[in-house]
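Q: Quick check, what structure comes out for this input:
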Amino acid sequence: MSPFKPICAFLVLLGAIAGSAAHAGGVRFGVNIGIPLFYPGWYYPPPAYYYPPPVVAMPANPPVYIERSDTQAVPASEAYWYYCADSQAYYPYVKECPSPWQRVSPRPPGT
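A: Residues are numbered from 1 along each chain as shown. Presented below is the predicted three-dimensional model:
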């Protein structure tokens, strides 16, 4: 017989005796293995707060786009260029003209 079994039996008997003495208010023996549960340095961060998704309300009917033809693009009254004879330039480039503006029919460049 090996000496291992009697030593284990002695330790179990010693543990039983020490356990009964601990219940009687005597000395306590024990082994504690683990991590502390309430350590002030170890804590979990607060949960992240996520904003709810934005509420998007779509109109009941989508917008309707009407394309104008070339004849409707510029009314006939606005289809003229205005020329200043004193500065020899046209309206958008010259804001004021000392002489009266001359209404000129538009012509393509190079003609």
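Q: Phi and psi next, for residue 91.
A: For residue 91, the backbone dihedrals are phi -60, psi -60 (criterion: degrees, to the nearest 10).
Q: dump the residue contacts of the spatially closest residue to it that is not a sequence neighbour.
A: Setting aside the residues directly before and after it, residue 91 is nearest to residue 82 in space (Cβ to Cβ, 6 or more residues apart in numbering), at 4.0 Å. Any C-beta I mention is one placed from the backbone N, CA and C, and that applies to glycine too. Residues near residue 82 by Cβ atoms under 8 Å, 6 or more residues apart in numbering: 90, 91, 101, 102, 103, 104.
Q: In those residues, which has the lowest confidence score?
A: Least confident entry in the contacts of residue 82, by pLDDT: residue 91, with 84.
Q: Which strand or helix spans residue 55?
A: Using DSSP states H and E, residue 55 falls within no helix or strand.
Q: Show the pLDDT at it.
A: On pLDDT, residue 55 comes in at 91.
Q: So it versus residue 91, what's the distance?
A: 49 Å (Cβ to Cβ, to the nearest Å).
Q: what about the two, which has more around it?
A: Taking other Cβ atoms under 10 Å, residue 55 and residue 91 do not tie; residue 91 has more neighbours (14 against 5).
Q: Please report the number of neighbouring residues for residue 83.
A: Neighbours of residue 83 (other Cβ under 10 Å): 16.
Q: Quick check: next helix or strand after the helix or strand of the chain with the lowest mean pLDDT?
A: Ranked by mean pLDDT, DSSP states H and E, the weakest helix or strand in the chain is helix 70-73, scoring a mean of 56. Heading C-terminal from helix 70-73, the first helix or strand you meet, by DSSP H and E, is strand 81-84.
Q: Could you list the domains of the protein?
A: Per automatic domain parsing, the structural domains of the chain span 1-29, 77-111.
Q: can you put those in CSV and add distance to residue 50?
A: Output for the domains of the chain, formatted as CSV (distance: least, Cβ to Cβ, whole Å):
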stretch, distance to residue 50
domain 1-29, 49
domain 77-111, 53
